[in-house]
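J.: Predicted model and sequence below, questions to follow.
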There are 2 protein chains.
Amino acid sequence: MSEIHYPAGIRPRAEAPQKKENGKKKRVLKVSAGNRGMAFEAEINETNDYYREKGLAVFHKRPTPINIVKVDYSRGAKITEAYFETQSTTDYNGVYRGHYVDFEAKSIRGKTSFPLANIPPQQIDHLKRVLAQGGIGFFLIDFATKNTVYLLPAEYVIDFYEKRERASIPLEEIEKHGKVVPMAYRPRYDFLPLIDELFL
Amino acid sequence: MSEIHYPAGIRPRAEAPQKKENGKKKRVLKVSAGNRGMAFEAEINETNDYYREKGLAVFHKRPTPINIVKVDYSRGAKITEAYFETQSTTDYNGVYRGHYVDFEAKSIRGKTSFPLANIPPQQIDHLKRVLAQGGIGFFLIDFATKNTVYLLPAEYVIDFYEKRERASIPLEEIEKHGKVVPMAYRPRYDFLPLIDELFL
């Protein structure tokens, strides 16, 4: 898999800072929302790797679509001009116990709600099609400041989105309609038991 | 979706030639295997678009993974150095009637067999994991010179691959274990009824 996957137009920031093990000049930088988003994605990828290795589920992150304009073939195949494109689907999908599973992972800066502005309209359209075909869909929402990740079913998000009464889903609604994803060392976020509980 | 999706190290050739409508200097070039492969991919994408629009199935081509090395942010986000990577999965997946479906489309130059060299080992590994999770997997094999496309279940391909007795699957075996995909105008290749017949 490629090392860098930035959404269109988003400038990457420095890697999430690590505490120095040797204790010298330990400088803990404040983790920015961008950093946290990338770290959360990495943790979900690790969780998926774990599930795959253990034969529990097969989930993959879809590669970021890139519009390639120029390729230099004089030295292998080096892409010299290309642009990020918007994913027309969610970022993750795969199979669990025969069922099609489709999900999106989002890291949120705020403490009290999940702004719908985080969801491009084509993701809602995609998830509606997935549910209509009998697939399972959900969001993994990381409230970074609370250190809590919720699994929220796509049904609820689509319904809230289409009512257009509010611009954000309040945390208390997420707590009511979703589930807290247990955190551990490996897998980092163990969301399979929540799929069993909520969808199967 | 991006316009150009070449596998790693493969130099693209000219677009598949079109017959000129005006009749002037009609020059029909011989379609190369590379051309045909791209044309076949485009036809599968069109078929998937049709299924999606009609609400019959949700299949997408996974974007080609790109390893991004340099991005120039002085003018938006222009990727100035990047390289093609190998897909660690098959090219297509999605959901049909609640079932997870995973498939690969291959265009073959020869007339009598499907060389296993067309299948990278990681695709076999991936399809084994998919089948172990109860997903549906298959290959769409286009014998360009015969103008015939076959749907061949992944079970059979994996079994043949792992026996390692022969380097190619003979056409008569494909005809025995697979099904001819009916061709039409829209959808170009109507393979959903074959999924019903073979897997459901």
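T.: All right, it came through fine.
J.: Let's test this: mean pLDDT of whichever strand in chain A runs longest, rounded?
T.: When chain A is parsed with DSSP state E, its longest strand is strand A:99-108. Here strand A:99-108 scores 96 as its mean pLDDT.
J.: Any residue of that strand touching chain B?
T.: Yes. Strand A:99-108 reaches chain B (C-beta under 8 Å from any C-beta of the partner chain) through A:99-102. Glycine gets a C-beta too; all of them are placed from N, C-alpha and C.
J.: farthest pair in those residues?
T.: A:99 and A:102 (10.2 Å; C-beta to C-beta).
J.: what is in contact with these two at once?
T.: A:135-136 (C-beta atoms under 8 Å, 6 or more residues apart in numbering or on different chains).
J.: Which one's more surrounded, the two?
T.: residue A:102 (27 against 21; other C-beta atoms under 10 Å in any protein chain shown).
J.: Would you confirm that that one contacts residue A:95?
T.: No. Counting by C-beta atoms under 8 Å, residue A:102 does not reach residue A:95; the two are 10.5 Å apart.
J.: Export the longest helix belonging to chain A to CSV, keeping only CA atoms.
T.: Ranked by residue count and defined by DSSP state H, the top helix of chain A is helix A:33-53. In CSV, the C-alpha atoms belonging to helix A:33-53 read as follows (Å, rounded to 0.1, in the frame of the first residue of the first chain):
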residue,chain,number,x,y,z
ALA,A,33,-7.0,17.4,13.8
GLY,A,34,-5.1,16.5,10.6
ASN,A,35,-2.6,14.4,12.5
ARG,A,36,-5.3,12.7,14.5
GLY,A,37,-7.2,11.9,11.3
MET,A,38,-4.2,10.2,9.8
ALA,A,39,-3.4,8.4,13.0
PHE,A,40,-7.0,7.1,13.3
GLU,A,41,-6.9,5.9,9.7
ALA,A,42,-3.7,4.0,10.5
GLU,A,43,-5.3,2.4,13.6
ILE,A,44,-8.3,1.3,11.5
ASN,A,45,-5.9,-0.2,8.9
GLU,A,46,-4.1,-2.1,11.7
THR,A,47,-7.4,-3.4,13.0
ASN,A,48,-8.3,-4.6,9.5
ASP,A,49,-4.9,-6.2,9.1
TYR,A,50,-5.4,-8.0,12.4
TYR,A,51,-8.9,-9.2,11.4
ARG,A,52,-7.5,-10.4,8.0
GLU,A,53,-4.5,-12.2,9.6
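J.: Neighbours of the residue nearest to residue A:63 when sequence neighbours are not counted, how many?
T.: Closest residue to residue A:63 apart from its sequence neighbours, by C-beta to C-beta, 6 or more residues apart in numbering or on different chains: residue B:65 at 4.0 Å. Per other C-beta under 10 Å, the neighbour tally for residue B:65 reads 21.
J.: Spell out the residue ranges of the strands in chain A.
T.: Taking DSSP E as the criterion, chain A carries its strands at A:58-61, A:66-72, A:78-84, A:92-96, A:99-108, A:113-115, A:136-143, A:148-153, A:168-170, A:179-180.
J.: Check the contact between residue A:107 and residue A:142; I expect there is one.
T.: Yes. Using C-beta under 8 Å, residue A:107 is in contact with residue A:142, at 4.3 Å.
J.: between these two, what contacts are shared?
T.: With C-beta under 8 Å, 6+ apart, residue A:107 and residue A:142 have common neighbours A:36, A:40.
J.: what's the burial count for the closest residue to residue A:119 other than its chain neighbours?
T.: Closest residue to residue A:119 apart from its sequence neighbours, by C-beta to C-beta, 6+ apart: residue A:161 at 6.7 Å. For residue A:161, the count of nearby residues is 17 (other C-beta under 10 Å).
J.: same deal with residue A:97?
T.: 15.
J.: Quick one: residues contacting it.
T.: Listed by C-beta under 8 Å, 6+ apart, the contact set of residue A:97 reads A:57, A:200, B:133-134.
J.: now do residue A:70
T.: Residues in contact with residue A:70 (C-beta under 8 Å, 6+ apart) are A:79-82.
J.: quick one: pLDDT of it?
T.: Residue A:70 is given a pLDDT of 95.
J.: pLDDT weak spots in chain A?
T.: Along chain A, segments meeting pLDDT under 70 span A:1-33.
J.: can you name the farthest residue from the center of it?
T.: Farthest-out residue of chain A from its mean C-alpha position, per C-alpha atoms, centre = their mean: residue A:74, at 37.2 Å.
J.: Who does residue A:101 form a beta bridge with?
T.: residue A:94, residue A:136 (DSSP bridges).
J.: ok, now how distant is residue A:155 from residue B:89?
T.: 27 Å (C-beta to C-beta, to the nearest Å).
J.: Oops, could you answer that again for residue A:146 instead?
T.: Using C-beta to C-beta, one obtains 34 Å as the distance from residue A:146 to residue B:89.
J.: Please verify my assumption that residue A:150 contacts residue A:178.
T.: Yes. Under the criterion of C-beta under 8 Å, residue A:150 makes contact with residue A:178 at 4.3 Å.
J.: Between those two, which contacts overlap?
T.: With C-beta under 8 Å, 6+ apart, residue A:150 and residue A:178 have common neighbours residue A:141.
J.: related to what we said a few turns ago, buried sites along the longest helix of chain A?
T.: Burial within helix A:33-53, assessed by neighbour count using 16 or more other C-beta atoms under 10 Å in any protein chain shown, is assigned to A:34-41, A:43-45, A:47-48, A:50-52.
J.: One more: stretch A:154-165?
T.: A:154-158, A:160-161.
J.: Which member of the residues you listed is positioned nearest chain B?
T.: residue A:154 (12.5 Å; C-beta to the nearest C-beta).
J.: tally of neighbours for the closest residue to the closest one other than its chain neighbours?
T.: Once flanking residues are discounted, residue A:154 sits nearest to residue A:137: 3.2 Å by C-beta to C-beta, 6+ apart. Using other C-beta under 10 Å, residue A:137 has 25 other residues around it.
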